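J.: structure of the sequence below:
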Amino acid sequence: MVFDTLKDVEKFYKSYAHEVGFSVRVGQHKKGNEEILIKRYYCSREGYRKENVTNASDESGKKRKTHNVMETRCGCQAHIVVKLGIDKKYSIISMIKEHSHGFVSPDKRHLLRSNRRVNERAKSTLFNCHKATIGTSQAYRLLHVSEGGFENVGCTKRDLQNYYRDLIIKIKDADAQMFVTELERKKEVNPAFFYEFMVDDQGRLVRVFWADAVCRKNYINHHLQSVFLGAAFLAAEKIESYVWLFETFLKAMGGVAPHLITTDEDASMKAAIAQILPYTAHRLCMWHIMEKVPEKVGLSIRKDEQFWERLNKCVWGTENSDEFVSQWNSIITDYGLMENDWFSSRFEIRESWIPVYFLDIPLAGMLRTTSRSESANSIFSRFIHRKLSFIEFWLSVRYTHEVFSKFQEQLVVARDHCIVQGIEECEDIKIFTISSLSGKERVVQMNKTNMFGTCSCKLYESYDILCRHIIQVLRAEKQNEVPSNYIMKRWETRCKMELFYDDEGNLLDEKPKDPREVAMRKKISESRNKFEDIIQMAKTSEQGIDFLYSSLSNLVEPLQKIMPATRVDKQEEYESFLGNRIPTEVDIHPPNDIRSKGRSKRIRRSKDKEPKKKEVSKMQATICLRMNH
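T.: Residues are numbered from 1 along each chain as shown. Reported below is the predicted structural model:
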């Protein structure tokens, strides 16, 4: 047999080996005039493995662990040898077919090492899955389903894991440099993109913050949603790190400090906030504190439903400080928690986390969140909205849908459950006493001149949304529209229609896209869709599949004439996936591995499984930031 290239030889022998049931190992070669003159290909079980060296040591002299490797070689003589002829083609000059061992069964042939490879389909699926934060194992399962079985994937899960591992090893020393380079590229595309970073004396990246134009524009939010205002990596969760972070955040946001910031009980963050944001109200995250309660009480209390009912009512339902203190002390006494240091310390800092102490601060409902900061999924789920119901006849159309849904809840309750019990007048003020379904009476003081009132429930002061009691008073006063005094600019639909610019005059808007890249992505997507349609059309017929296969095979040669064949190595594949060149010279180095404080510990309920072991990450800053403007 004659072959044009060694690649053809290898393909032939591996195909033959696959059909028979053995694996191939590429052997030695002999070169002359920069050409390979003779090349050998063996059965993978040729020869014998060298004896393992026990007590092996590394360069430093330390003993390293050696692994027991199963012996697979048995001295098999099967092989082929090819030689380059005068015509510059290779021919077989030696071949032994007989093997000294059994063959692999047909259902295991896809596991033969020489026939396994991570093909382009597997690479594409792997990279796309990782872009969507889907791990390698799940990517392999997806290939198993899409290709109709493991035997059709072309590689094992371990092969796929090793391929991705090689990528991680390849970029290990350059990922910080590439990350900063990517940030700079984004700024080149859109000057409104903001980023800053800091390296230590060894050139290691220790701090980085970035915010795109949309984040900066979202600094005024009017949808009652969680939004990202920026992101940061900190190599050390210390006061100086957070000082840098908050200074950089203010720089990105034009120097405008937030009115409110909510964090967990991290002492370093608290100190940094006091230093950089002295006029910003700092409150503690309710969820972080309440989630710690189960581990601070005994098992009997933890399972007591009445305890939880009373505690939640005390924390969330009290309407003045005296009522809170009374209920809290009652719970502490009834459940014997007087000597519990954690409950005592939470009581001492009650003004920093109990809602009744914040009634005069516009919080937009943030303290009633459960775990917004704990998972990006929980944040994104809030962007999915149900269809809204019909609009009441006196609705102000300037509210956004999200704010209106909250307003509508108050409107319906006002209509069905609120009654004006009494009215008193004192100069320009009308005082209304309102009864409600809860049985509590509320007092609304309404200015007769501008129809602006305040209610003892203080919902408007906390949420900037009218409460049911004020709504009922407006109805009683024959008001068919919400007075403009009550409508906050940030709740209006036109708020984000306005143009905003940063200090350098850059428009804070969606980043512009390269039209050529958009067109190319569209063509690739449509081509994939068409190809999938053709497969679905042809798969019901063997004749149809044969036609499709032969047609695709016929496309290879003309396509190669358009695009000359070029060898793509692993680095080029990795760079294509990363969208960035892997630099050979690195100025910004990755940080050293550190053990971060991590997120607030998830409290294990009685029905939960055993917790997983704590992981160590490179750079992690846990900040439960909740900003209000």
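
J.: where do the strands sit along the stretch 201-350 of the chain?
T.: 205-211, 231-234, 260-263, 281-284 (DSSP state E, counting those that start in this stretch).

J.: for residue 145, which of those strands is the nearest?
T.: In terms of Cβ to Cβ, the element of these nearest to residue 145 is strand 231-234, at 33.7 Å. For the C-beta atoms, the positions are set from N, CA and C on the backbone; glycine is no exception.

J.: what residues of the closest one count as buried?
T.: Buried residues in strand 231-234, counted by 16 or more other Cβ atoms under 10 Å: 232, 233, 234.

J.: could those residues go into JSON lines alongside distance to residue 552 and pLDDT?
T.: JSON lines is the format used below for the buried residues of strand 231-234 (distance: Cβ to Cβ, whole Å; pLDDT from 0 to 100):
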{"residue": "232", "distance to residue 552": "48", "pLDDT": "84"}
{"residue": "233", "distance to residue 552": "45", "pLDDT": "83"}
{"residue": "234", "distance to residue 552": "51", "pLDDT": "85"}
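
J.: touching, residue 457 and residue 471? I think so.
T.: No - contact criterion Cβ atoms under 8 Å: residue 457 and residue 471 do not qualify, at 11.7 Å.

J.: okay, those two: which has more neighbours?
T.: residue 471 (25 against 21; other Cβ atoms under 10 Å).

J.: now that one: closest residue in space, sequence neighbours ignored.
T.: residue 414 (4.0 Å; Cβ to Cβ, 6 or more residues apart in numbering).

J.: quick one: buried residues of the helix of greatest length in the chain?
T.: The residue-count maximum for a helix in the chain (DSSP state H) belongs to helix 515-538. For helix 515-538, burial by neighbour count (16+ other Cβ under 10 Å) applies to residue 538.

J.: give me the helices and strands touching it, please.
T.: Other helices and strands packing on helix 515-538, by 3 or more Cβ pairs under 8 Å, 6 or more residues apart in numbering; DSSP states H and E, are helix 542-562.

J.: export the helix it packs on as PDB, just CAs?
T.: This file holds the C-alpha atoms of helix 542-562, laid out as PDB (Å, rounded to 0.1, in the frame of the first residue of the first chain):
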ATOM      1  CA  GLU A 542     -30.900   5.600   5.400                       C
ATOM      2  CA  GLN A 543     -30.800   6.800   1.800                       C
ATOM      3  CA  GLY A 544     -31.200  10.400   3.000                       C
ATOM      4  CA  ILE A 545     -28.400  10.100   5.600                       C
ATOM      5  CA  ASP A 546     -26.100   8.500   3.000                       C
ATOM      6  CA  PHE A 547     -26.900  11.400   0.600                       C
ATOM      7  CA  LEU A 548     -26.200  14.000   3.300                       C
ATOM      8  CA  TYR A 549     -22.900  12.300   4.300                       C
ATOM      9  CA  SER A 550     -21.600  12.100   0.800                       C
ATOM     10  CA  SER A 551     -22.700  15.700   0.000                       C
ATOM     11  CA  LEU A 552     -20.800  17.000   3.100                       C
ATOM     12  CA  SER A 553     -17.800  14.900   2.100                       C
ATOM     13  CA  ASN A 554     -17.800  16.500  -1.300                       C
ATOM     14  CA  LEU A 555     -17.700  20.000   0.300                       C
ATOM     15  CA  VAL A 556     -14.300  19.400   1.900                       C
ATOM     16  CA  GLU A 557     -12.100  19.700  -1.200                       C
ATOM     17  CA  PRO A 558     -13.600  22.900  -2.600                       C
ATOM     18  CA  LEU A 559     -13.700  24.500   0.900                       C
ATOM     19  CA  GLN A 560     -10.000  23.600   1.300                       C
ATOM     20  CA  LYS A 561      -9.300  25.500  -2.000                       C
ATOM     21  CA  ILE A 562     -11.000  28.600  -0.600                       C
END
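
J.: tell me which other helices or strands that helix touches.
T.: Judged by 3+ Cβ pairs under 8 Å, 6+ apart, the packing partners of helix 542-562 are helix 515-538.

J.: how much does the helix it packs on deviate in direction from helix 542-562?
T.: Interaxial angle, helix 515-538 versus helix 542-562 (axes from the mean of the first three to the mean of the last three Cα atoms, to 10 degrees): 150 degrees.

J.: for helix 515-538, output the C-alpha coordinates as CSV.
T.: What follows is helix 515-538, C-alpha atoms only, in CSV (Å, rounded to 0.1, in the frame of the first residue of the first chain):
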residue,chain,number,x,y,z
PRO,A,515,-21.2,45.0,12.7
ARG,A,516,-18.9,42.5,11.0
GLU,A,517,-18.8,40.3,14.0
VAL,A,518,-22.6,40.6,14.4
ALA,A,519,-23.0,39.6,10.7
MET,A,520,-20.6,36.7,11.1
ARG,A,521,-22.3,35.4,14.2
LYS,A,522,-25.7,35.6,12.5
LYS,A,523,-24.4,33.5,9.5
ILE,A,524,-22.9,30.9,11.7
SER,A,525,-26.1,30.6,13.7
GLU,A,526,-28.2,30.3,10.6
SER,A,527,-25.9,27.8,9.1
ARG,A,528,-26.1,25.6,12.2
ASN,A,529,-29.9,25.9,12.2
LYS,A,530,-30.1,24.9,8.6
PHE,A,531,-27.7,22.0,9.1
GLU,A,532,-29.8,20.8,12.0
ASP,A,533,-33.0,21.1,9.9
ILE,A,534,-31.3,19.0,7.2
ILE,A,535,-30.3,16.3,9.7
GLN,A,536,-33.8,16.1,11.0
MET,A,537,-35.1,15.8,7.5
ALA,A,538,-32.7,13.1,6.4
